[in-house]
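> need a structure here:
(one chain, ligands or ions: 1)
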Amino acid sequence: MSEPSIFTRILTGEIPAEIVGESANVFAIRDIAPQAPVHLLVIPKTQEFRDVVELAAAAPALMAEMVALARSLAVEHSDGDFRLIFNTGEGAGQTVFHVHAHVLSGSLNEKSLG
Ligand code: 5GP
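Have a look, this model is predicted:
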């Protein structure tokens, strides 16, 4: 079994972070280094999928659950509009290989790409 990811360690309470939203299989935290007025991470509770390609192929319902939580958090924290970004692969800036969506919202400009 693989080592727990940083996000699993947050979910289990080993690393402190405020859980800002949750549904059955997904949770959300604030990004520690925000790139937009609202910058949240929406994360499956399971760490079995390393990126969105694996997730979409194997568990589309889980991906839909992530999008639904992103939407409700964007409504709660901003005007409901948002960017959803999945960095996929090291070359694209992915640093945590436990799939997660960046949810960016609120007064975005063209450079706020997470
Ligand atoms: P990636 O670079 O893999 O697309 O995104 C990982 C994100 O996780 C980064 O934006 C980074 O700021 C965030 N992050 C890394 N470690 C922590 C942490 O301990 N707490 C929180 N809240 N965010 C983290």
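
> Strand partners (parallel or antiparallel) of the longest strand that the chain contains?
Secondary structure of the chain read by DSSP state E shows that its longest strand is strand 38-44. Using DSSP bridges, the strands paired with strand 38-44 in its sheet are strand 26-30 (antiparallel), strand 101-105 (antiparallel).

> Pull the top helix by length along the chain out as PDB, backbone CA atoms only.
If you go by DSSP state H, the chain has its longest helix at helix 60-77. Included here for helix 60-77 are C-alpha records, laid out as PDB according to Å, rounded to 0.1, in the frame of the first residue of the first chain:
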ATOM      1  CA  PRO A  60     -16.700   9.300 -13.700                       C
ATOM      2  CA  ALA A  61     -19.300   9.500 -10.900                       C
ATOM      3  CA  LEU A  62     -16.600  10.500  -8.500                       C
ATOM      4  CA  MET A  63     -15.400  13.100 -10.900                       C
ATOM      5  CA  ALA A  64     -19.000  14.400 -11.200                       C
ATOM      6  CA  GLU A  65     -19.200  14.500  -7.400                       C
ATOM      7  CA  MET A  66     -16.000  16.700  -7.400                       C
ATOM      8  CA  VAL A  67     -17.600  19.100  -9.900                       C
ATOM      9  CA  ALA A  68     -20.800  19.300  -7.800                       C
ATOM     10  CA  LEU A  69     -18.900  20.200  -4.700                       C
ATOM     11  CA  ALA A  70     -16.800  22.700  -6.600                       C
ATOM     12  CA  ARG A  71     -19.900  24.400  -7.800                       C
ATOM     13  CA  SER A  72     -21.600  24.600  -4.400                       C
ATOM     14  CA  LEU A  73     -18.400  26.000  -2.800                       C
ATOM     15  CA  ALA A  74     -18.100  28.600  -5.600                       C
ATOM     16  CA  VAL A  75     -21.700  29.700  -4.800                       C
ATOM     17  CA  GLU A  76     -20.900  29.800  -1.100                       C
ATOM     18  CA  HIS A  77     -17.600  31.600  -1.300                       C
END
